[in-house]
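>>> based on what follows, work out the 3D shape:
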Amino acid sequence: MVMDEKIYVTQEGLDELKKEYDNLVHVVKNEVIEDLKAARAQGDLSENADYDAARDRQAQVEARIRDLEVMLNNVELIQEKKGRSQIVKLGSTVEIQDLDTNEKETFIIVGSVESDPLNGKLSNVTPLAVALLEKKVGAVVEVEVDEPYQVKILSVK
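Numbering: from 1, shown residues only. Sure, this is the predicted structure:
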């Protein structure tokens, strides 16, 4: 993962990235080294499935560590807004109403690294978030997808 672009995360998301990084560097990496030693001790490495599996795991762990280092070096912390804002920004909790179905939905707009739509965390690069960003409470916006639809912004926190 080579990136120069900013990785937008909340404080919670940053804490999770750091926790994963620390775990990989200080725990998992040592486990992989031990697995490699144990597999090497079995003898012939040319037909040693345990050794091959340990090498594969080592490559995956090292790749994830590098990805996390790039992310952590490019983090832009989403500032939590104090008080009530009327404009949708990154980090805002937004309540909307679909004008076709009248269904209401509430979610927080986060960076793509933290995106978890099933738990109410919507990536800032999704068509819905793009349509909402920088709009005010009460605005009706059109979401540009294959079948465009309109939503109304009911509240922003």
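>>> so the closest residue to L24 other than its chain neighbours is in which element?
Spatial nearest neighbour of L24, chain neighbours left out: I65 (5.2 Å); criterion: C-beta to C-beta, 6 or more residues apart in numbering. (Each C-beta comes from the backbone N, C-alpha and C, glycine too.) Secondary structure from DSSP states H and E places I65 in helix 49-73.
>>> buried sites along that helix?
51, 54-55, 58, 61, 65, 68, 71 (16 or more other C-beta atoms under 10 Å).
>>> nearest to Y21, of these?
L68 (4.4 Å; C-beta to C-beta).
>>> low-scoring stretches of this structure, by residue?
1-4, 80-84 (pLDDT under 70).
>>> from Q150, how far off is T101?
11 Å (C-beta to C-beta, to the nearest Å).
>>> ok, the residue nearest to L24 touching N23?
No. Counting by C-beta atoms under 8 Å, I65 stays clear of N23, with 10.3 Å between them.
>>> leaving out sequence neighbours, find the closest residue to Y51.
A39 is the one closest to Y51 (C-beta to C-beta, 6+ apart), at 3.8 Å.
>>> pretty sure the one you found is touching R57, no?
No. The pair A39 / R57 is not scored as a contact, 10.6 Å apart, by C-beta under 8 Å.
>>> identify the residues contacting S155.
Going by C-beta atoms under 8 Å, 6 or more residues apart in numbering, S155 touches 94-95, 137.
>>> just the ones of these in strands?
Among those, the members found in strands (DSSP state E) are 94-95.
>>> all the strands of this structure, in order from the start?
Taking DSSP E as the test, the strands found in the chain are 7-9, 75-77, 93-98, 104-110, 121-123, 140-143, 149-156.
>>> of T101 and Q150, who's got more company?
Between T101 and Q150, Q150 has the larger neighbour count (other C-beta atoms under 10 Å), namely 14 against 8.
>>> contacting residues around stretch 107-127?
Residues outside stretch 107-127 that contact it (C-beta under 8 Å, 6+ apart) are 7-10, 12-13, 16-17, 71, 76, 78, 88-94, 106, 128-130, 132-133, 143-145.
>>> filter these to the buried ones?
Neighbour counting by 16+ other C-beta under 10 Å classes 7-10, 13, 17, 71, 78, 88-92, 94, 128-129, 132-133, 143 among the contacts of stretch 107-127 as buried.
>>> select, out of the strands of the chain, the one closest to D44.
Comparing the strands of the chain by C-beta to C-beta, strand 7-9 comes nearest, at 44.0 Å.
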